[in-house]
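**Student:** quick one, structure for this:
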Amino acid sequence: MKIAIGSDNLGYGLKQEIIQELIKQGHELKDYGSFEGEACDYSDVALLVADAVAAKEYQRGILICGTGIGMQIAANKVEGAYAAVCHDIYSTERSILSNNVNIMCMGAIVIGSATAKTLVDKWLSLEFKESPSLRKINKIKEIEKRSNRGKAYEINA
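**Tutor:** Below you'll find the model as predicted:
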């Protein structure tokens, strides 16, 4: 699977561990930062990953910051990007099966490495199938169109 991945400096270490696991499993990855020793704003990285996933350059995205919350909020501002914080198996499963999210967000301060790897493996193994949830997802897409939140912009530091 083609996966876009990114973190801020708080999520850097966990991101590196996940990257190594995903490479071993044969996934194709693009790392959008942060990079070793680099401080950055989570919103900048979230925008890069969300844009790439929404443009269908990558099938899924993974974002890691301290809590996962900031990354989720920022990624969800991009039209076509659907992000969820996943810190447990049930939420991880439902993020795909009920909500068809394409970006998983995690908090490196909230969960440990072993849990994160388990959740990533579970999330990547799931596929959305049409269900009663499709009607709800389509309503979200209508809200998205109405809000015009997909306008192109650049973040200036």
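**Student:** helix/strand/coil for residue 58?
**Tutor:** Classification of residue 58 using DSSP: H, G, I helix; E, B strand; the rest coil returns coil.
**Student:** burial check on it, number of neighbours?
**Tutor:** For residue 58, the count of nearby residues is 22 (other C-beta atoms under 10 Å). Every C-beta, even on glycine, is put in place using the N, C-alpha and C of the backbone.
**Student:** where exactly do the helices run in the protein?
**Tutor:** 12-24, 42-54, 69-75, 89-97, 113-125, 133-147 (DSSP state H).
**Student:** rebuild those helices as CSV, extending it with distance to residue 30, mean pLDDT and mean neighbour count.
**Tutor:** Formatted as CSV, the helices of the chain follow (distance: least, C-beta to C-beta, whole Å; pLDDT from 0 to 100; neighbours: other C-beta atoms under 10 Å):
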stretch, distance to residue 30, mean pLDDT, mean neighbour count
helix 12-24, 10, 98, 17
helix 42-54, 7, 98, 24
helix 69-75, 15, 98, 23
helix 89-97, 21, 96, 17
helix 113-125, 15, 98, 17
helix 133-147, 25, 78, 11
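**Student:** a markdown table please, covering those helices and showing distance to residue 105.
**Tutor:** Below are the helices of the chain laid out as a markdown table (distance: least, C-beta to C-beta, whole Å):
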| stretch | distance to residue 105 |
| --- | --- |
| helix 12-24 | 12 |
| helix 42-54 | 8 |
| helix 69-75 | 4 |
| helix 89-97 | 10 |
| helix 113-125 | 11 |
| helix 133-147 | 17 |
